[in-house]
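# next input, structure requested:
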Amino acid sequence: MGDKQAIRAGLRRLVPLAILLGMILLLVPLGHLGDIVLERRVILALLNLVAVVGLYIFMGNSGVLTFSAVGFMAIGAYTSALTTLRPMMKQTFLPDLPHWLAVLELSALSGTLLAGGVAAAVAAVVGWPLMRLSGIAAAIATLSLLIIAYIGLGNWTAVTGGQTSLMGLSTWVKLWPAALWACAAVTVAFVYQETRWALCLRATREDEVAARASGLRPVPLRLIAFVLSAFVSGVAGALYGHFLGTLRVESFYLDSTFLFLTMLVVGGKRSLTGAVVGTLAISLLTEVLRLLEVGVAVGKVNLSAPNGIGDVILAAVMLIILIFRPQGITGGREIGQVTGSSRKEIP
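You can find the predicted model right below:
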């Protein structure tokens with residue numbers, strides 16, 4: 001009898017994950033229903049979801065504001081590009097590459113996983129001293145990491161091409177691969193947040209003084225989340241590169257950083273459901289705003305919104321959420337909690 005109850009409790013804990021994966025997979029037929037523009041928008045939303053989930057793993061569980069996720073995306077994107085690009089293309093665009101790197105050609109899966117691994121390794125090195133910081137100091141430190149990654153990659157001409165575009169990447173990220181990687185990212189985040197490490201980290205988020213008094217050590221707990229977050233962010237960067245087929249260092253800077261932060265905050269930064277809902281909601285809103293800027297034909301009149309109005313409305317939405325619902329659309333709760341999920345959480 002006890003075993004059956006344990007099995008039922010375990011299955012109930014998987015309800016939020018099952019619902020979230022179902023929401024993601026429902027986007028696939030939606031992408032197939034429309035034209036190529038809608039399909040690419042759905043793919044982009046799925047890739048944004050991978051990036052936001054990577055951001056959530058650290059920021060959501062630790063409560064520490066971070067700006068470095070996009071920097072790890074850039075590291076992952078260029079790692080995957082340099083290890084999967086055909087040697088002939090490397091000779092054309094990067095003639096000064098070291099020989100061992102110029103002849104290296106990995107598969108798409110190997111390059112993507114390596115991208116996450118390199119980003120995670122960098123996070124492990126820089127994270128140990130940074131995880132001792134909190135509050136505004138931690139935010140400034142992670143912003144510095146983003147700036148260092150941007151400047152470093154943008155001026156390492158021999159390896160990254162510097163400020164020029166790096167072209168020739170295989171564009172294997174289609175609708176189904178994007179959906180499966182998004183499901184994988186959500187699964188990784190869900191499994192992590194159910195672990196003892198994540199539970200203890202959320203305890204430090206709620207009351208660091210009390211957590212320390214109970215014997216918890218915030219630094220290693222934050223570092224684990226930081227490294228895992230960097231891995232998922234690096235994978236997201238690799239997927240972006242193989243979706244666009246071209247890399248520019250400008251793609252991984254402040255615009256992307258603020259977009260992902262907006263998605264997470266609007267959805268609810270304290271829950272994985274918030275990361276998913278916020279990404280989908282903002283993706284839908286940006287698509288509607290894009291259509292308004294392009295214009296809608298009404299008879300012989302083309303009605304269109306002023307250029308740039310989308311950014312203004314996005315900023316206003318984030319401001320409204322922060323004022324009237326600081327915990328986001330989901331209120332910081334998992335979708336399964338409404339149906340009685342037993343996710344372990346700090347009161």
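# ignoring the adjacent residues along the chain, who's closest to residue 64?
Nearest residue to residue 64, sequence neighbours excluded (Cβ to Cβ, 6 or more residues apart in numbering): residue 138, at 5.0 Å. Backbone N, C-alpha and C define where each C-beta goes, glycine included.
# for the one you found, what are phi and psi?
With angles defined as degrees, to the nearest 10, residue 138 sits at phi -70, psi -40.
# now swap in residue 166 and tell me
Torsion angles, degrees, to the nearest 10, at residue 166: phi -100, psi 110.
# do the same with residue 106
phi -100, psi 170.
# for it, which non-adjacent residue is closest in space?
Closest to residue 106 by Cβ to Cβ, 6+ apart is residue 83, at 4.6 Å.
# just for the stretch 201-347 of the chain, where's the confidence low?
295-303, 305, 336-347 (pLDDT under 70).
# mind listing the strands for it?
Secondary structure of the stretch 201-347 of the chain (DSSP state E, counting those that start in this stretch): strands at 246-247, 296-298, 301-303.
# can you pull the contacts of the most centrally placed residue in the chain?
Nearest to the geometric centre of the chain sits residue 51, at 1.3 Å (Cα atoms, centre = their mean). With contact taken as Cβ atoms under 8 Å, 6 or more residues apart in numbering, residue 51 is in contact with 69, 70, 73, 233, 236, 237, 240, 256, 260.
# chain center to stretch 116-133: distance?
Offset of stretch 116-133 from its chain centre (Cα atoms, centre = their mean, to the nearest Å): 17 Å.
# and what of stretch 265-276?
12 Å.
# from one end of that stretch to the other, what's the distance?
11 Å (Cα to Cα, to the nearest Å).
# just stretch 89-107 next, same as before
End-to-end span of stretch 89-107 (Cα to Cα): 16 Å.
# list the buried ones in that stretch?
89, 90, 93, 94, 97, 102, 104 (16 or more other Cβ atoms under 10 Å).
# and for stretch 200-216?
Neighbour-count burial for stretch 200-216, counted by 16+ other Cβ under 10 Å, picks out 200, 201, 202, 203, 204, 205, 211.
# pick the one among those residues closest to residue 155.
The shortest gap between residue 155 and any of those belongs to residue 201, at 35.5 Å (Cβ to Cβ).
# ok, that closest one touching residue 225?
Yes: Residue 201 lies in contact with residue 225 (Cβ atoms under 8 Å); the separation is 5.9 Å.
# list residues touching both of those two?
With Cβ under 8 Å, 6+ apart as the test, residue 201 and residue 225 both reach 61, 62.
# show me the contact partners of the helix or strand containing residue 181.
In the assignment (DSSP states H and E), residue 181 maps to helix 175-193. Helix 175-193 has contacts (Cβ under 8 Å, 6+ apart) with 16-17, 20-21, 24-25, 27-28, 31-32, 39, 42-43, 46-47, 49-50, 53-54, 56-57, 61, 173, 198, 225, 228, 232, 235-236, 239, 243, 272, 275-276, 343.
# where do the helices of the stretch 1-150 of the chain begin and end?
According to DSSP state H, counting those that start in this stretch, the stretch 1-150 of the chain carries its helices in the segments 2-13, 15-25, 27-33, 36-62, 69-84, 87-93, 99-102, 108-130, 135-155.
# show me what counts as buried in the third one.
If you call a residue buried by 16+ other Cβ under 10 Å, then helix 27-33 has these buried ones: 27, 28, 31.
# tell me, how many residues neighbour the nearest residue to the last one once chain neighbours are set aside?
Translated: residue 31. Among residues not flanking residue 31 along the chain, residue 42 sits closest, at 3.6 Å (Cβ to Cβ, 6+ apart). When neighbours are defined as other Cβ atoms under 10 Å, residue 42 has 23 of them.
# my guess is residue 42 contacts residue 29. True?
No: if you go by Cβ under 8 Å, residue 42 and residue 29 don't touch, sitting 9.9 Å apart.
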